[in-house]
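Undergrad: Sharing a model that was predicted from the sequence below.
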Amino acid sequence: MTGLIVVLVLLIVGAYFLGHSMGRNQPGQRSEPTPERLREAWQEGYEAATAYLRRTGPQAQAPPTEQQSPAVSQEPAMPQPEASGPHQWPGYATPAQPANGNLTAAGQIYAQQRPAQAGNPLPPVARPVVPPKPVKVLTKRERELRNINITLYVAALMIVAAGALFLSFALPPVAKVVAFIILVAAFYAGGLITYAVKPSLRPAGAAFAGTGLALLPLSAIATYNTLDISGPVTWLVFSAIGTLAVGYATVKLKSRVLSWIAVLILVSTGMASAATMQRGVLNYMLILVVLSIVLMLLAVHSQRVKDSIFFQAILGTAQLLPIFVVVLSGLLIESLGSREFFWIFALLTAQLLLSMRLLGNLRLTRFFAARVTFMLMIWAGCSYLGFVGSTTALVLSYAFALQAVAVLAYSTAYQRRMGLARQFVSLERCVLWGLGLVSMSGAYFLADERHSFALSYVAAPLFALLCLFGIFRATRAETAVIAVLPLIALLDLQHHNWRPLAVFAVAIALMSVDHHRAQGIYRLLYGHVRWALLLIGAGVIGASIHELQDGASGTAAATATLITVLVMALALWAFGLRHQQLNGKGTAQAHALARAGATVLIAVGSLCYLRILAGKERYLQSPVEFIGLEAFTWFMITTVATTALVMITSLRVKGLPDMPVPAAQAIRAGEAVALLLFYMLSLEHQRWIFALVIGAAVMATFLLKLRRNNSREWKIIYATLAQVLFSSMVWWFAQGMDFDLHGRFALLLVSVSIPQLVRLARNIRKNQPLRKELRWIAIVLLIGIPLATAAYAQVAGGYDRGVILLAALCFAVHGIMAYWADIELEGVERQYYLFAPILSLILVIGVQGQQLADDTGWIRARWWSEEAAAILLLVMALAAMALEWKLRGNRRYSTAIGLAIFLPAVLAAAWQQQTWWAVVALALIASAMIMMVHTRRSAWYSAGASLLLAWAITRAVMKARDIGGSRWLESMDVAWAMIGTGVLLYLISMVHGRMKDPTPGYPAFTYRHEDPVGGASRIYFAAMLLALLLAGCIAHSYGTANWHIIGGSALIFGVALLCRYFELPPAAVPYAVDGLIFLASVLSLITYARVIDAPQFSSMMAYFTVVAVILVIWRNIRVHRSLAKIYLVAASVAGTMTLFASLIDSNVLTQVMGLVFFGCLIAWGLKLGDRLFIWWGAIAISLSVIWFLRELVFVWLVLIGLGLIIAAVYKLVKVDKAGPSAPEPQDSAPPVIQQGPPRLPWQQPMQPPAQQSDQWPPADPSEPDQH
């Protein structure tokens, strides 16, 4: 830690002196311009002004004003002295203000050149000039004083660091505390004295005094930890000292920041006095609030306080203390009681109301804060009086509700006095009602059975009746309260199911009144709310009926509630159909359809629950009943009713084609989904005829929709749904007739495939193009048959040969028929139909070679063995390769042929991966890719061929090792395989013309190439290099013998040499030697580490330093200075790491090497004249020396700090003796031009009069008149 502090301080000091030296070396102000340059500049300005005035002509002139002279003065205007005004600051360069009424000699020249016009001549225009912003120009004295202040800051920082280190020394605690307090007093007194005596060092004096004040709390902590004084007394004493010290410093330094700190320390003194009295936490709170009230009265009613610098601090602190009391109360909430909270919140309420009365700002915020504290006072009072939780919550809910009613009743006066908008008042009322509802919920949660009865039949209805005033004023917040209150009353169901009925009755009555009085969209919305309340109330009635009949809770009660809700929803749906609510137009019809959709969702959920419950009844001893009927009976009744209502609704809806397309499609889709769900729910095994009845009704509905609908898309959808529904009914019928799973799936497969095959055959016979929907059906079946077969196997627990062969036959025939029928589909897309027969043939070959279960199906024995199946797959791949060569260049079948080549071979390789057939399959795939380079004219197949050859040779080597039983080079098998692969790829690349002239290039990033063979030869050669590199890396990394490691590194280096001569771009050839040197060094280091021993980190860094130095020497020989400098920087970084690592490793040799290197680096930097390396070497050596002398940190810091202070004082004495200096002109300030001899008229610069006073010097009275 000490060394880190030393390094940090030295870095700070070094950065300071470095910046100081860089600032001194900056180029100075530009020299004053010569008279020749000034004449040229004036002549250019004159020509530019003349061209501008000629170009603008009369448009640039303005009508004469009262301030302008009617004639041009013949006397040259004398510049007026600069008047002191608001734009003059000491130390700033301020431009002179122009005199618009006078003309200079240049103005006379312009007047002579312009011809006089008839009438009153127009004077030249004086353009307004915007004065530039004042720029601070520092004098030499100011810059020196700034540097002196910075030096004193740094010295103070070093002395503080020395003091911190001093406290960590092994000295007596009392001595350290006394020394620390003396240091604090010295900083405080020295800062104030410096501030008062030396005005130029006032920032430094303020910094010293602030440092002393900042160290005062640390002195208190040190005193408490050292001396035998209690904490409250220490707090009070040092708070009083701090109040006096900060107050005195505030007056002397006139700092507003210190005034705030003084007032806050006064607050701390008050809290310390409360702690000294030891009367509990309540004293803290009360003293703070009382202090807040006293400070506020002082800030408002005392003129002397208003005029002092403490005014803003006192006023702000008085307003912040209540917030602090609230936060402190939250932190100490466990130690405070209800009585304490009552007094705290009562005083806070009084304070906030007083501040609202006395202060004009933030009145609304204080008013709401007072209301919050008042509510908290009510809560604390209820708790202090011993009210139970439900009673307290009820009182709070009525308090919130009465506030909301009062805000509504006196809204006009409230808005006028508080300056609020109407929307804000409405939002406030909504918040109050929401808080009231939350409090009512809390009352229900906390109430027992005795109190809940009074809540549900007295308190909650009266709470709802408080909304009547808002209902008659047509407000929406009260309507929302009426809608939510019954939901809160549902919390009383935990005691009795009939308890919420009174609240529901009152809410439904009030909502009916509101619905009757509402108009427009709100009438519809209130109708929906009443509909929801009726459904929930029906559920409460059902639960009450069940409680009166049975009394048991659980599944039976939930079932009764669900049945009554569903019956009420269906009754309301039928009532709406009877009153023709769906035949309207516009918004009313949309809302009616939305309510019907919600009813369908409720019906679906309820039927799902009843269906699940009916399925569990067979395992229950006593089935669930409601009003004498079982759950499945209710399920059948409600399912039939819901299905009938959906069908009737779909037939009675008018204007569906006139609706927006998304809405109409959503209605049709919802209807279809609902009917399918009802059919799926009716699938009960013991009552399977009921599902057939529902399915027949649904299918009849789909067929009727198919005939009545004019949309082609929906005709297809309805036809598809009817087909799916019919197939599922066939499956369900077969299951009811006890068909086994294989037979049911075969029947389903045939029933789905034959109709589509008949449609395709009819298209082929009529030679008609395949319609779009038939094409999509064909595609869906080609995708669905394999997926369905796979799913069937998972469900059945295995495959049946007969079913698999039937599925493959249907799949293949369907693909062939679709390819034959779809004559309009041209190009390569049509061949995708041929995937089906290819996959079917592969499936037949594979299935007949597998050992499946032989206890089912009509084919119970396999036709050939697994090895024969693999041979057949390879024969199929060879046949596809022959077809590829025969049809080369024909893209119409390329994808299908590629699938027929690769898929059987890959399956054979994966199937027989432990035999030589896998090697044959991999070699076959590689041969096919080599052939495709020629047939498909794409060189990228050679990359895949290279990978597959490597894989095949590796498998062959492994297989040969297994057969021969020789395992002594097991870890090198892959390496030998990679070497063999490299040799084979080298031969292939040579055959393809790698070394021909000109050398072929790499293929472009396209599929087809003009010279695929040449591009493939480059890829083969690159793959050969990669294989050899991989072999070298494996041997070098995983080899067990020394010659493996050395040989692997030699092979890697050889690959690098081959890349240098055959693969490296010409632009990178000059840098190849650098890479080879670095690679050789890395390989040598790794070989040494593996063969002999791993070196230390410092040794490794020293090694890399030497390597970087070798690269520097090489690049200096090759005269590449920029790269040599980069290598030298890398060597410097490595050398720095060497020194750091040598400190950890304690390696003396590397330390010496690092110091020698940095010494050479300094010499080399002097030779090159590069300061970077000189400073780098000097800093590295200096830090190394400092590290070895790090025990003298405290003395160094003190000496450095005192030296800086002495230097600053000495410089200050010199500056005071030199006296004040004038500000130096900056580059952007206009130069001061001395008056020269008279010039000819064509040499005089011409500018508007408003700008001439800024540039012309004062005229000499002794100079003769030029005109």
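TA: Structure's in. What do you need?

Undergrad: Every contact and neighbour count from this point should use C-alpha atoms.
TA: OK.

Undergrad: What's the local residue count around Ala543?
TA: Residues near Ala543, counting by other CA atoms under 10 Å, number 27.

Undergrad: Ramachandran coordinates for Glu625?
TA: phi -130, psi 160 (degrees, to the nearest 10).

Undergrad: Which residues are in contact with the residue lying closest to it once chain neighbours are set aside?
TA: Closest residue to Glu625 in three dimensions, ignoring its sequence neighbours and counting by CA to CA, 6 or more residues apart in numbering: Ala631, at 6.0 Å. Residues counted as contacts of Ala631 (CA atoms under 8 Å, 6 or more residues apart in numbering) are 559, 610, 613-614, 623-625.

Undergrad: Which residue in those residues has the weakest pLDDT?
TA: Sorting the contacts of Ala631 by confidence puts Pro623 at the bottom, with a pLDDT of 59.

Undergrad: Name the residues of the host helix or strand of Ala880 that are buried.
TA: Element membership of Ala880, judged by DSSP states H and E, is helix 866-886. By neighbour count with 16 or more other CA atoms under 10 Å, helix 866-886 contains the buried residues 866, 869-874, 876-878, 880-881, 883-884.

Undergrad: any residues touching the helix or strand just after that helix, and which ones?
TA: Scanning the chain past helix 866-886 towards its C-terminal end, the next helix or strand to appear is helix 894-911 (assignment: DSSP H and E). Outside of helix 894-911, the residues within contact range by CA under 8 Å, 6+ apart are 828, 831-832, 834-835, 838, 842, 870-871, 873-874, 876-878, 880-881, 883-884, 917-922, 924-925, 928.

Undergrad: Can you name every helix or strand that the following helix or strand past helix 894-911 contacts?
TA: Using DSSP H and E, the helix or strand that follows helix 894-911 in sequence is helix 916-935. In terms of contact count using 3 or more CA pairs under 8 Å, 6 or more residues apart in numbering; DSSP states H and E, helix 916-935 is assigned the packing partners helix 866-886, helix 894-911, helix 941-964, helix 1012-1038.

Undergrad: Could you say which one of those comes nearest to His528?
TA: Distances from His528 to each of the helices and strands packed on helix 916-935 were compared using CA to CA; the shortest belongs to helix 894-911, at 59.7 Å.

Undergrad: Give me the mean pLDDT for that closest one.
TA: The predicted model assigns helix 894-911 a mean pLDDT of 87.

Undergrad: Just the C-alpha atoms of it, please, in CSV.
TA: Presented in CSV, the C-alpha positions along helix 894-911 are these (Å, rounded to 0.1, in the frame of the first residue of the first chain):
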residue,chain,number,x,y,z
SER,A,894,-29.5,-31.2,-59.8
THR,A,895,-31.0,-30.9,-56.3
ALA,A,896,-32.8,-34.2,-56.4
ILE,A,897,-29.7,-36.0,-57.8
GLY,A,898,-27.6,-34.4,-55.0
LEU,A,899,-30.1,-35.7,-52.4
ALA,A,900,-30.0,-39.2,-54.0
ILE,A,901,-26.1,-39.1,-53.8
PHE,A,902,-25.4,-37.7,-50.4
LEU,A,903,-28.3,-38.9,-48.2
PRO,A,904,-27.9,-42.6,-48.8
ALA,A,905,-24.1,-42.4,-48.4
VAL,A,906,-24.4,-40.4,-45.2
LEU,A,907,-26.9,-42.8,-43.8
ALA,A,908,-24.7,-45.7,-44.7
ALA,A,909,-21.7,-44.1,-43.1
ALA,A,910,-23.7,-43.3,-39.9
TRP,A,911,-25.3,-46.8,-39.9
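
Undergrad: got the angle between that helix and helix 866-886?
TA: Orientation of helix 894-911 against helix 866-886 (axes from the mean of the first three to the mean of the last three CA atoms, to 10 degrees) gives an angle of 150 degrees.

Undergrad: Which positions within helix 894-911 qualify as buried?
TA: The neighbour-count criterion (16+ other CA under 10 Å) identifies 894-909, 911 as the buried residues of helix 894-911.

Undergrad: Strands of the protein, residue ranges please.
TA: Listed in chain order, the strands of the chain (DSSP state E) span residues 92-93, 135-136, 625-626, 629-630.

Undergrad: Name the strands paired with the last one and say parallel or antiparallel.
TA: Each strand pairing with strand 629-630, determined using DSSP bridges, is listed with its direction: strand 625-626 (antiparallel).

Undergrad: contacts for the strand it pairs with?
TA: Surrounding strand 625-626, the residues in contact under the criterion CA under 8 Å, 6+ apart are 546, 556, 559-560, 631.

Undergrad: Those residues into a markdown table, with extra columns for distance to Tyr526?
TA: Supplementary listing: those in a markdown table, determined by distance: CA to CA, whole Å:
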| residue | distance to Tyr526 |
| --- | --- |
| His546 | 30 |
| Ala556 | 33 |
| Thr559 | 29 |
| Ala560 | 27 |
| Ala631 | 34 |
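
Undergrad: Among those residues, which ones are in helices?
TA: Within the contacts of strand 625-626, residues falling in helices by DSSP state H are 546, 556, 559-560, 631.

Undergrad: and which of those residues is nearest Ala746?
TA: Comparing every one of the ones in helices among the contacts of strand 625-626 with Ala746 (CA to CA), the shortest separation belongs to Ala631, at 36.0 Å.

Undergrad: Domain-wise, how is the chain divided?
TA: Domain segmentation of the chain under automatic domain parsing yields 739-795+802-825+835-847, 979-1094, 1097-1188.

Undergrad: Of these, which is nearest Leu501?
TA: When the domains of the chain are ranked by proximity to Leu501 (CA to CA), domain 739-795+802-825+835-847 comes first, at 50.7 Å.

Undergrad: what is the rounded mean pLDDT of the closest one?
TA: When pLDDT is averaged over domain 739-795+802-825+835-847, the result is 83.

Undergrad: in the stretch 451-600 of the chain, what spans have low per-residue confidence?
TA: Within the stretch 451-600 of the chain, the set of residues satisfying pLDDT under 70 comprises 550-554, 579-586.

Undergrad: the helices in it, which residues?
TA: Counting by DSSP state H, counting those that start in this stretch, the stretch 451-600 of the chain has these helices, from start to end: 460-465, 468-472, 476-489, 501-517, 521-549, 555-578, 587-616.

Undergrad: Could you give me the buried positions within the fifth one?
TA: For helix 521-549, the buried set under the neighbour-count rule, 16+ other CA under 10 Å, comprises 524, 526-547.

Undergrad: Centre of the chain to it, how far?
TA: The offset between the C-alpha centroid of helix 521-549 and the centroid of the whole chain comes to 45 Å, using CA atoms, centre = their mean, to the nearest Å.

Undergrad: And that helix, what does it pack against?
TA: For helix 521-549, the packing partners by 3+ CA pairs under 8 Å, 6+ apart come out as helix 476-489, helix 501-517, helix 555-578, helix 587-616.
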